[in-house]
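> Any chance you could fold what I've pasted below:
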Amino acid sequence: MTVVGLDDTDSRERGMCTTYVATEVASRLAERTGATVQRLLLVRLNPAVEHKTRGNAALAIHLGHDQECDPETVYDVARTTLEDLAETADERTNPGLVVAQHAPDEVPDDVSAFALSAIRDHLSIDEATTLADDRDYRRWGAGNGRGQIGALAAIGAWGTLEDWTWTHECIAYRDPERWGTPRTIDEESVFAAAEVGYPTVWDTVDRVEGETVCVPHTPGPILHGIRGDDPEAVRTVSEAIGGEPVARTQRFVTNQGTDVHLRDGSTLESLSAARDGRAYRLEGRVASEPETRRGGHVFFELGDPINGDDTDASSTSGNADASSANATETLTCAAFEPTKRFRDRVRALRVGDRLTVCGEVARGTLKLEKFAVRDLVETERGTPTCESCDRRMKSAGRGQGYRCRDCGTTAATKVDQPLERDLEVGWYEVPPCARRHVAKPLVRGGFDGPTHPER
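Take a look at the predicted model:
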């Protein structure tokens, strides 16, 4: 078998899409070599990489084992296609190609490790080219050759990742004459199809915001892209969408919607050890009241609890003041304006709430993608109420406790009082309009607690 990896053929301003290039490479290979295309793989890499265009996707083409393909011919066809279609007029577009002569699941361990690092970390061009050469892979790069990083990662992805979803991300490509013009889409048909396909097909629309999430706004060739866990359900939803004519379609297997980009934060010494440009799943307690700042962004501090802080959740859930004293180091967490109604979930947090948070760290701030409430503060310290007249007591003076001025009843200290909460234990997520491609929607299931999906 032969695996072809490619990356970085598109441009923010000029358009194109690496999925389209991969589709064309696969088509030309089938036509000119007679090879069977077993599958096309769409691999979302680290979303925090500085040099990405949009979704930071690399592509792999798995050629079937029913016929032997001359690797030189495969390489020549793929390279010529990239040279024809890549938007190299944009100096930031640096396409790369890697061709491997083995089965997709027979990837060497170091190539598999490279693929996972490309999803969770940052890699250099030299690391990619050295490893490809060590494995005798054929490779090519234009410009500075940065696309060879993603191309090699796409080669190794099938052998290292376990969770895959189906997508018609790029099933509907536009006629080339329409590229760069406004898309013609029947929005009512999109919402109707999304309703029928949900929950097997997800993130097609955002019902609250009224957005057709599956329709891009860039000048590239994609008309719409549908995501889901079942290929037939995805196809049905795609075919039910009305609009301008579809020039061609393609189905991909992808790691979208899997959360594979998240690192296990339990290996960190403290929250403050989280590094920029990586995404994490972290545990902690809310250490400051959420604050809405200019632009509508909401921030709070997540604290490192002393000694794990899990020995007796009930001992801290009753008092926000006591639990906040446990924080030793903090990490700033933020829900930015584009996350829309998710910010209200964040605003509802209180000091002392125990959370699991997920997101990318940038400039020392974790950009929330989702969070789980593990334990809610249910009481707060307040001025006692008189048992005789049911009125709130007043301070009797510094250090003298509280006294009811009408009844003379006294109390030595503040008391615990019930606290009404707008949150429940469980997972909360950003809405579909703000979700990253690789982030796992709650509707897919498999989470360690109750879920409150957005749709």
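> Just list the residues touching G220, thanks.
For G220, the set of contacting residues under the criterion of Cβ atoms under 8 Å, 6 or more residues apart in numbering consists of 10, 15-17, 20, 179. C-betas here are computed from N, CA, C, even on glycine.
> Just the buried ones from those residues?
Those of the contacts of G220 that meet the buried threshold are 10, 15-17, 20, 179, by 16 or more other Cβ atoms under 10 Å.
> min pLDDT across those, which one?
Looking at pLDDT alone, the buried ones among the contacts of G220 dip lowest at G15, where the score is 69.
> can you map out the helices along this protein?
Chain-ordered helices for the chain, with DSSP state H as the definition, fall at 18-33, 71-85, 109-120, 125-134, 147-160, 187-197, 231-239, 313-317, 320-324, 342-347.
> Lowest average pLDDT across those helices?
Note on the helices of the chain: lowest mean pLDDT is at helix 313-317, with a mean of 38.
> Buried deepest among the helices of the chain, which one?
Among the helices of the chain, judged by mean count of other Cβ atoms under 10 Å, the one packed with the most neighbours on average is helix 147-160 (a mean of 28).
> now it and helix 71-85, what's the angle there?
130 degrees (axes from the mean of the first three to the mean of the last three Cα atoms, to 10 degrees).
> looking just at contacts, which helices and strands does helix 147-160 meet?
Judged by 3 or more Cβ pairs under 8 Å, 6 or more residues apart in numbering; DSSP states H and E, the packing partners of helix 147-160 are strand 2-7, strand 37-44, strand 57-63, strand 96-100, helix 109-120, helix 125-134, strand 138-141.
> For A439, which of the ones you listed is the nearest?
Go through the helices and strands packed on helix 147-160 one by one with Cβ to Cβ and the one that ends up closest to A439 is strand 37-44, at 9.4 Å.
> can you state the direction angle for the closest one and helix 18-33?
Counting by the same axes, to 10 degrees, strand 37-44 points 160 degrees away from the direction of helix 18-33.
> could I get strand 37-44 in CSV with only the CA atoms?
Output for strand 37-44, consisting of C-alpha atoms alone and laid out as CSV, is shown next (Å, rounded to 0.1, in the frame of the first residue of the first chain):
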residue,chain,number,x,y,z
VAL,A,37,-8.4,5.1,-3.1
GLN,A,38,-9.3,3.4,0.1
ARG,A,39,-10.0,6.5,2.1
LEU,A,40,-9.1,10.2,2.5
LEU,A,41,-8.0,11.2,6.0
LEU,A,42,-8.5,14.8,7.3
VAL,A,43,-6.2,15.3,10.3
ARG,A,44,-6.7,18.5,12.5
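> any residues touching it, and which ones?
Residues beyond strand 37-44 that count as contacts (Cβ under 8 Å, 6+ apart) turn out to be 1, 19, 22-23, 26, 29-30, 55-65, 104, 115, 119, 150, 153-154, 157-158, 167, 169, 250-256, 261, 437-438.
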